[in-house]
Structure formats: C-alpha cells, structure tokens
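J.: Quick check, what structure comes out for this input:
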Amino acid sequence: MDTTTGRLTYRDATDADVDELVALIESAYRGDSSRAGWTTEADILQGQRTDPEGVLEVIKSPDSRLLTVARDGVVVACCQLEHRGAHAYFGMFAVSPALQGAGLGKTIIAEAERRARKAWDVTEMHMTVISVREDLIAWYERRGYRRTGEMSPFPYGDERFGIPQRDDLQFELLVKPLV
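T.: A predicted model of the protein is given here:
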C-alpha cells in the first residue's frame with residue numbers, strides 16, 4: 001500500500017526491489033560513494049554491508065517489513081521494521097548519500113515509528129548501532145533514543161557484515177518509548 005507524505009512515497013519492498021535496495025544500502029555505508037553522506041562506515045568496515053540474500057530474508061519474513069521510500073518515483077531510502085513482541089526493531093536504515101543532512105532521515109524514522117505503533121501496537125522501538133559511531137548515536141539521541149549500555153558482539157570473521165578495520169567494534173542497544 002502506498003502512502004504519500006509530501007513528495008515521499010512509502011511502501012513495503014518486494015522481491016523486485018532487492019538489487020536496488022542492496023545498491024542503496026551499500027552506497028550509504030560502504031566505499032567511496034558513502035563518503036558523500038555522513039553515515040559512512042567506510043573507515044571502520046570494508047567489504048559489504050548486506051547482500052541480496054539478507055535483504056530478501058527481511059522482505060520474506062512474516063514478522064518483518066522493509067519499508068521502501070521513494071521521492072518522485074526514485075527509491076531514496078529504506079528501513080527494516082521487525083515485530084518483536086512488545087517492541088519493534090528498526091534496522092537496515094539507509095538514505096541516499098546525496099540526500100543526507102537535509103532532514104529526510106528525521107521524516108522517515110518518524111514515519112517508521114508511527115507505522116510500527118499502528119501495525120503492531122508496540123510501546124518501544126529498539127535498534128543496535130556500532131558503539132564507536134558517536135555521531136550516529138548522537139543523531140538518534142536527538143530523535144528520542146537512549147543509550148542502554150547493553151552491548152552485543154560484532155560478528156568478527158563473518159564477512160557478510162563487512163571486514164572490520166579495528167578490533168573494538170560492538171553493537172549498543174538504543175531504545176525509544178513510542179507513546
């Protein structure tokens with residue numbers, strides 16, 4: 001179902017979107033193209049951020065959706081929403097590097113939170129962020145997320161998640177009440 005907010009159109013991704021979404025996610029996080037935006041992980045991780053199998057798994061999961069965001073018919077962002085009991089998980093968030101820093105991310109995360117509340121009647125949104133990404137964590141804190149100090153290990157040795165360039169990577173859980 002399409003919903004238009006301003007010039008943005010939101011819809012659940014389909015199998016036909018996989019290649020375009022992998023390219024978008026890679027461009028936002030890895031390689032030289034990611035340096036055009038501020039969300040790059042290129043200095044801490046090389047290799048891939050995701051792959052077609054990982055994106056398709058999110059699309060096919062009954063408890064998950066990959067929200068695709070288009071502006072004037074062109075896919076410019078995406079995010080994963082997953083129902084996990086009393087909370088939803090927010091992940092795989094990518095905004096085209098050329099459009100970062102103009103408020104698009106704020107609009108999309110607010111819509112994702114609204115959709116999670118409406119679809120699943122959840123009371124919290126959870127996400128994990130690489131703990132050394134202080135700028136990104138600060139951005140989420142300005143959106144109402146709080147650091148929990150709860151850490152989980154980075155999957156060293158599994159190149160599906162990238163090739164770490166440092167040995168201190170871990171994920172921190174961030175939580176936001178949805179009221």
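
J.: So the spatially most central residue of the chain versus Arg166, what's the distance?
T.: Nearest to the centroid of the C-alpha atoms of the chain, with distances taken as C-alpha atoms, centre = their mean, sits Phe93, at 1.6 Å. Distance of Phe93 to Arg166, given as C-beta to C-beta, to the nearest Å: 22 Å. C-beta coordinates here come from the backbone N, C-alpha and C atoms, glycine included.

J.: Repeat that for Ile130.
T.: Here Ile130 is placed at a distance of 10 Å from Arg166 (C-beta to C-beta).

J.: All the helices of this structure, residue numbers only.
T.: 18-29, 31-34, 52-60, 104-120, 134-142 (DSSP state H).

J.: how big is the angle separating the longest strand seen in the chain from helix 52-60?
T.: In the chain, with assignment by DSSP state E, the single longest strand is strand 74-84. With axes from the mean of the first three to the mean of the last three C-alpha atoms, to 10 degrees defining the directions, strand 74-84 sits at 70 degrees from helix 52-60.

J.: quick one: strand 74-84 to helix 104-120, angle?
T.: Computed by the same axes, to 10 degrees, the angle between strand 74-84 and helix 104-120 is 40 degrees.

J.: Perfect, that will be all.
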